[in-house]
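A.B. asks: missing the sequence, but the structure's below:
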């Protein structure tokens, strides 16, 4: 894989009224963010927007100028409210039409007589878009410049990410380490802030949890530099021992 010399960041645009209404819980951000970490690309922003043409077009145009990679999820299926492909075409000011290769893939996938108009719609996308192959259910995603359009069904989306490995310019893998402590955030917030200032090229996240009737805090350190994570971990362990805080897990 080539190494980029530009800032390696990404944003996700989740398209779907079902997410905003609470009817469906999004899990695609987790899959995409883990995959991006493995490629050394930092996920910087996530937006959830409704199935409204103007909002989709405006959001795509705004976000694609700010980030190196944009991933949309949802809205490329066969139903009336699947309008992401059409909106991306409008955002780029290109024709929305049948993609010959996508059409052929779907035509061959379905039994004779069952490739109806709804299914044919999944072969429509911006003109000259490149396909993202779908090993699960045939219907491909697509990308145009730095905008990558993926389905909303989690299992299908996850199966398609590997096909993008050779199409994405990545960097050094982003690593993480977690320390789980039997404490509360207020007990460690001030010394933890000092540690974060010391390690400016490393992100420290503090996440409280409640498990089996007991409270705790998970500290997650993220960096491309394993030595930096190791040094930071040692500093945190020292302050934890000084405060006589129990370490539940170190992984």
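C.D. replies: Looks like it came in fine. Owing to the predicted nature of the structure, the values given are computational and were not obtained by experimental measurement.
A.B. asks: quick one: secondary structure of the residue nearest to residue 67 when sequence neighbours are not counted?
C.D. replies: Residue nearest to residue 67 in three dimensions, not counting chain neighbours: residue 11, with 4.5 Å by CB to CB, 6 or more residues apart in numbering. For every residue, glycine as well, the C-beta is placed using N, CA and C. At residue 11 the chain is in strand, as set by DSSP: H, G, I helix; E, B strand; the rest coil.
A.B. asks: can you tell me which residues contact residue 11?
C.D. replies: 43-47, 63, 66-67, 69-71 (CB atoms under 8 Å, 6 or more residues apart in numbering).
A.B. asks: who does it bridge with?
C.D. replies: Taking DSSP bridges as the rule, residue 11 bridges to residue 45, residue 70.
A.B. asks: Put the buried members of the contacts of residue 11 into a PyMOL selection.
C.D. replies: In PyMOL syntax, the buried subset of the contacts of residue 11 is picked out as below (16 or more other CB atoms under 10 Å):
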select buried, resi 43+46+63+67+69+70+71
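A.B. asks: Just name the closest of the contacts of residue 11 to residue 194, please.
C.D. replies: residue 44 (25.6 Å; CB to CB).
A.B. asks: So for that closest one, what's the pLDDT?
C.D. replies: In this prediction, residue 44 carries a pLDDT score of 96.
A.B. asks: Confirm for me that it is in contact with residue 67.
C.D. replies: Yes - counting by CB atoms under 8 Å, residue 44 touches residue 67, with 6.5 Å between them.
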